[in-house]
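**Student:** Curious how this folds, go ahead:
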Amino acid sequence: MDQSSHTTNARTLRKREQILTGARQLFLTRGYAGTSTDAIAKTIGISKETLYAYYPNKEALFAAVLQHVMDLLVDDQLAEIEHTILTHTATFQQELVDLAQRIIHTTMQPDYLALVRIIFAESTRVPQLATLFRSTIPMQGLAYLSRLLEQLQQQKVIQVENVEAAARMFIGSLLTYVFIDGLMLVDEQPRQPDLSHITLLVNLFVKAVLPDATNVHDHAGG
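**Tutor:** Residues are numbered from 1 along each chain as shown. Just a heads-up that it's a prediction; the model follows:
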């Protein structure tokens with residue numbers, strides 16, 4: 001890549017970051033319906049033409065904001081956890097605890113919860129919001145975990161009848177905290193579960209998916 005191309009790409013990334021940061025603040029303070037592309041462009045200090053060059057409409061921009069919030073929180077840690085689980089099966093149980101902690105931490109961040117509340121509040125009037133949310137966050141997470149469990153199944157680390165059902169069982173147990181102790185506490189800070197609660201859920205899951213439940217400690221390195 002030549003210097004001019006590198007400079008152009010860096011400028012594009014900075015502009016995209018600027019747009020997403022400004023749009024996120026407006027969505028959080030005004031809601032989806034109350035935020036216009038005119039307001040976003042004005043707040044950021046760019047023309048609507050420039051805004052549309054990056055995002056063709058408000059729906060695409062909102063979806064990008066959702067993804068951006070998650071990307072800022074997750075970094076490369078899920079990829080690192082996936083590599084560890086697949087190459088060191090003795091640490092399977094502990095790595096699932098780490099994964100569960102990461103899911104809880106990212107989905108119970110105030111900005112993320114606020115965006116989800118916007119979607120729930122306005123999705124009946126703007127149905128595409130629910131579709132966007134489902135495709136950008138929940139389905140990506142479910143696909144990621146299903147892929148991971150499928151590889152573990154092939155390596156005979158786990159044994160389940162349906163990988164997607166197992167993935168839903170794992171994520172669903174964590175979402176009870178997100179909904180009850182996060183989304184429903186509008187005027188309070190989210191109450192993230194402590195490590196002992198997460199570990200207990202993971203232990204129950206591991207017992208359900210290992211080929212021989214009596215070997216939990218062997219697989220967990222205990």
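**Student:** For burial, what's the neighbour tally of the residue nearest to residue 112 when sequence neighbours are not counted?
**Tutor:** Closest residue to residue 112 apart from its sequence neighbours, by CB to CB, 6 or more residues apart in numbering: residue 69 at 5.3 Å. Every residue, glycine included, has its C-beta placed from N, CA and C. Neighbourhood size, residue 69 [other CB atoms under 10 Å]: 19.
**Student:** do you know how far residue 69 is from residue 182?
**Tutor:** From residue 69 over to residue 182 the distance is 14 Å, taken as CB to CB, to the nearest Å.
**Student:** And the helices in the protein, which stretches?
**Tutor:** Secondary structure of the chain (DSSP state H): helices at 3-30, 37-44, 48-54, 58-74, 77-87, 92-107, 110-122, 128-136, 138-154, 163-178, 195-209, 216-219.
**Student:** Would you mind writing the CA trace of the fourth one as CSV?
**Tutor:** Listed in CSV are the C-alpha atoms of helix 58-74, where the atom choice follows Å, rounded to 0.1, in the frame of the first residue of the first chain:
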residue,chain,number,x,y,z
LYS,A,58,-30.5,6.6,9.2
GLU,A,59,-31.2,2.9,9.6
ALA,A,60,-27.8,1.9,8.3
LEU,A,61,-26.2,4.5,10.6
PHE,A,62,-28.0,3.2,13.6
ALA,A,63,-27.0,-0.3,12.9
ALA,A,64,-23.4,0.8,12.6
VAL,A,65,-23.6,2.6,15.9
LEU,A,66,-24.9,-0.6,17.6
GLN,A,67,-22.0,-2.6,16.0
HIS,A,68,-19.5,0.1,16.9
VAL,A,69,-20.5,0.1,20.6
MET,A,70,-20.0,-3.7,20.7
ASP,A,71,-16.7,-3.5,18.8
LEU,A,72,-15.3,-0.9,21.3
LEU,A,73,-16.2,-3.3,24.2
VAL,A,74,-15.2,-6.6,22.7
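**Student:** Check which helices and strands that helix is in contact with.
**Tutor:** Packing partners of helix 58-74 (3 or more CB pairs under 8 Å, 6 or more residues apart in numbering; DSSP states H and E): helix 3-30, helix 37-44, helix 92-107, helix 110-122, helix 128-136.
**Student:** That one to helix 92-107, inter-axis angle?
**Tutor:** Put simply, helix 58-74 runs at 130 degrees to helix 92-107, going by axes from the mean of the first three to the mean of the last three CA atoms, to 10 degrees.
**Student:** pLDDT on helix 58-74, on average?
**Tutor:** Throughout helix 58-74, pLDDT has a mean value of 79.
**Student:** tell me how far it is from the chain's mean position?
**Tutor:** Remark: helix 58-74 is offset 10 Å from the chain centroid, using CA atoms, centre = their mean, to the nearest Å.
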